[in-house]
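Peer 1: Sequence isn't available, so here's the structure alone:
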């Protein structure tokens, strides 16, 4: 009975020991089970090699190379992301500036339109006052002058005192 128990214990200890093989994902050692599964899903091939056949130094060198390449890729991706963020920021600023320019152009255009209206009103008033002065200078009778002044004031518009800006 003792012999049987010792054989079972030895058998269990032997089977519970660490695996003596390594999974290979293409040209490098799979770093973990997740990487092995994803590589298998892609290629449907995963090699299993004994650790006694594979030199541990070679594995570590290949793993270091792989880690360096991954780090380099990450740095490049980060640079690209930063560059893209800067470009997006510049584009937003340019859009804001163009919107501001459009608004100021609209304001200037409105102001020019109002200035042109004012100038046209002033010119029309000047023309009417010139004709009025010419007509007054031709007549010498006071009654005629008063009639002309009254007629001219009937055609004039009174200023809008309650205007809103």
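Peer 2: Cool, the structure landed. Since the model is a prediction, treat every value here as computed from it, not as a measurement. Numbering: from 1, shown residues only.

Peer 1: in which helix or strand would I find the residue nearest the centre of the chain?
Peer 2: Compute the mean C-alpha point of the chain, and by Cα atoms, centre = their mean the closest residue is residue 88, 3.8 Å away. Element membership for residue 88, per DSSP states H and E: helix 56-138.

Peer 1: what's that helix packed up against?
Peer 2: The helices and strands touching helix 56-138, judged by 3 or more Cβ pairs under 8 Å, 6 or more residues apart in numbering; DSSP states H and E, are strand 28-29, helix 142-155. In this view, the C-beta of every residue, glycine as well, is placed from N, C-alpha and C.

Peer 1: Same list (these) but as a markdown table, adding mean pLDDT.
Peer 2: Conversion of those to a markdown table gives the following (pLDDT from 0 to 100):
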| stretch | mean pLDDT |
| --- | --- |
| strand 28-29 | 78 |
| helix 142-155 | 75 |
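
Peer 1: Kindly state which of these is positioned closest to residue 93.
Peer 2: Of all the helices and strands packed on helix 56-138, it is strand 28-29 that lies closest to residue 93, at 45.1 Å by Cβ to Cβ.

Peer 1: Could you check how far the residue located most distally from the centre of the chain is from residue 26?
Peer 2: Residue distances from the centre of the chain (Cα atoms, centre = their mean) peak at residue 141, which lies 79.0 Å from the mean C-alpha position. Applying Cβ to Cβ, to the nearest Å, the value for residue 141 to residue 26 is 117 Å.

Peer 1: and if you look at residue 66?
Peer 2: 10 Å.

Peer 1: And the two? Which one has more around it.
Peer 2: Per other Cβ atoms under 10 Å, whichever of residue 66 and residue 26 has more neighbours is residue 66, with 15 against 12.
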